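Undergrad: how would this look folded up:
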Amino acid sequence: MQPGIYKLINCQSGTAMDLAKDDYTRVVGSPPCDDSIQKWEIAPLGAGHTIRNLQTGAYLSMKGLHSNAAIFAGHFPVAWQFITVKIDDENAEMIEIRWPHTGWIFDLSDYGCSAPGTKVKLQDGTHSGHHRYRSWKPIFIPHVLQSVLLERAGEDDETSSTINAADVPEGEVILTTTITTKTVVRKVSR
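TA: Have a look, this model is predicted:
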């Protein structure tokens, strides 16, 4: 799967992977909408991928490696393994999201219940075969990453400014430091 911004739709329920609005940490299924809370940045990390929410910047993780362990959004990136699956009667690429090298898999509770707020949990899928409620359709969203990250860069810094190279006096050097998605520009004398 190529890095980028995706909406993840559960194949059984048609609901989108979302963060619960009451705490923005619990991962649930909700009716698809255009909110950034349902947009996920997929990025490589080692042999796997991180899944980061665009609205909160939090990464998907888990609260233990056991049946019914909650999938939640936290501050530490975790590498997930994506397995491409083919579902009968569907002409699209689906994925299973797994804890690497195990059978532990993302599962939409209650066999893919379509009720808003249905919990996404970890379940052992080693011997159970393929199920639609454990498969997700990644819908690529082009051109979102740049605009969202540019908006975020200035969010927490009231002192952010733009310096035009033509406005810098001759003989001075501009030092630019980039920290993740935030760019800091300082003038320094020679």
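Undergrad: Tell me which stretches of this structure form strands.
TA: 4-10, 16-19, 27-30, 40-45, 48-53, 59-62, 69-74, 81-85, 94-98, 104-108, 118-124, 136-140, 173-179, 182-188 (DSSP state E).
Undergrad: Of the ones you listed, which shows the lowest average pLDDT?
TA: Comparing mean pLDDT across the strands of the chain, the weakest is strand 173-179, with a mean of 50.
Undergrad: still on that earlier bit, adding mean neighbour count, write the strands of the chain out as TSV.
TA: Placement of C-beta: from N, CA and C, glycine included. Output for the strands of the chain, formatted as TSV (neighbours: other Cβ atoms under 10 Å):
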stretch	mean neighbour count
strand 4-10	21
strand 16-19	25
strand 27-30	23
strand 40-45	18
strand 48-53	21
strand 59-62	21
strand 69-74	18
strand 81-85	15
strand 94-98	21
strand 104-108	24
strand 118-124	20
strand 136-140	18
strand 173-179	9
strand 182-188	12
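Undergrad: Now do the contacts for residue 9.
TA: 15-17, 32, 136-137, 139 (Cβ atoms under 8 Å, 6 or more residues apart in numbering).
Undergrad: If we use 10 Å, what do you get?
TA: 15-17, 29, 32, 38, 92, 94, 135-139 (Cβ atoms under 10 Å, 6 or more residues apart in numbering).
Undergrad: what are the bridge partners for it, then?
TA: residue 16, residue 137 (DSSP bridges).
Undergrad: swap in residue 74?
TA: With DSSP bridges as the rule, residue 74 is bridged to residue 59.
Undergrad: my read: it touches residue 50, true?
TA: No: using Cβ atoms under 10 Å, residue 74 makes no contact with residue 50, being 11.5 Å away.
Undergrad: between those two, what contacts are shared?
TA: 59-61.
Undergrad: Reformat these as TSV; add distance to residue 131.
TA: Below are those laid out as TSV (distance: Cβ to Cβ, whole Å):
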residue	distance to residue 131
59	25
60	20
61	23
